[in-house]
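> Sequence unavailable; structure follows:
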């Protein structure tokens, strides 16, 4: 099995899409992520995997706080923007979307499906990535909307059915 074989296999695993944001002594930064999940509800804990080569890696660690903004259908443009695919050199990714500030000082996306914010309380280095464990201290309630997922290297809509 090659690295490319593994990447192709993982492309077949649909993943939720979020913009991870932070602000603090290390600066304001955001990045698109699909490698995240809940760990526990007592205390509420999530994990976010960040490539150590990513520009956001050192900033997240320096700030120690972050928000996980789960994207709704139609927000794939923001996912591309925070992934760096559509930004001109020096352009601020926060220039699009409606942003507020959470209690811990991090930017949260007003129209996200849900925004959770918290403190990085642990980390583990695995291969090329750092797994950040985040204790969630607050959230902006979920809104009723379809979701966006990343599947086969494309953004797709998952319809909410009742």
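Now that the structure is in, tell me what you want to look at. All figures in this text were calculated on a predicted structure; none of them were measured in a lab. Numbers count the residues shown, from 1 in each chain.
> Please make it C-alpha for all contacts and neighbour counts, starting now.
OK.
> Show me the strands in this protein, by range?
15-16, 18-22, 29-33, 36-41, 44-51, 65-70, 99-101, 107-109, 114-126, 129-140, 147-151, 154-158 (DSSP state E).
> average pLDDT across stretch 116-129?
Regarding stretch 116-129, the rounded mean pLDDT is 97.
> Pull out the buried residues from stretch 71-91.
Across stretch 71-91, burial judged by 16 or more other C-alpha atoms under 10 Å covers 71-73, 75-76, 78-84.
> you'd agree residue 57 is up against residue 63?
No: taking contacts as C-alpha atoms under 8 Å, residue 57 lies outside contact range of residue 63: 10.3 Å.
> want to try JSON lines for the buried residues of stretch 71-91, with distance to residue 132 and pLDDT as columns?
Output for those, formatted as JSON lines (distance: C-alpha to C-alpha, whole Å; pLDDT from 0 to 100):
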{"residue": "71", "distance to residue 132": "20", "pLDDT": "97"}
{"residue": "72", "distance to residue 132": "23", "pLDDT": "95"}
{"residue": "73", "distance to residue 132": "26", "pLDDT": "94"}
{"residue": "75", "distance to residue 132": "24", "pLDDT": "95"}
{"residue": "76", "distance to residue 132": "24", "pLDDT": "94"}
{"residue": "78", "distance to residue 132": "22", "pLDDT": "96"}
{"residue": "79", "distance to residue 132": "20", "pLDDT": "96"}
{"residue": "80", "distance to residue 132": "22", "pLDDT": "95"}
{"residue": "81", "distance to residue 132": "22", "pLDDT": "95"}
{"residue": "82", "distance to residue 132": "19", "pLDDT": "95"}
{"residue": "83", "distance to residue 132": "19", "pLDDT": "92"}
{"residue": "84", "distance to residue 132": "21", "pLDDT": "82"}
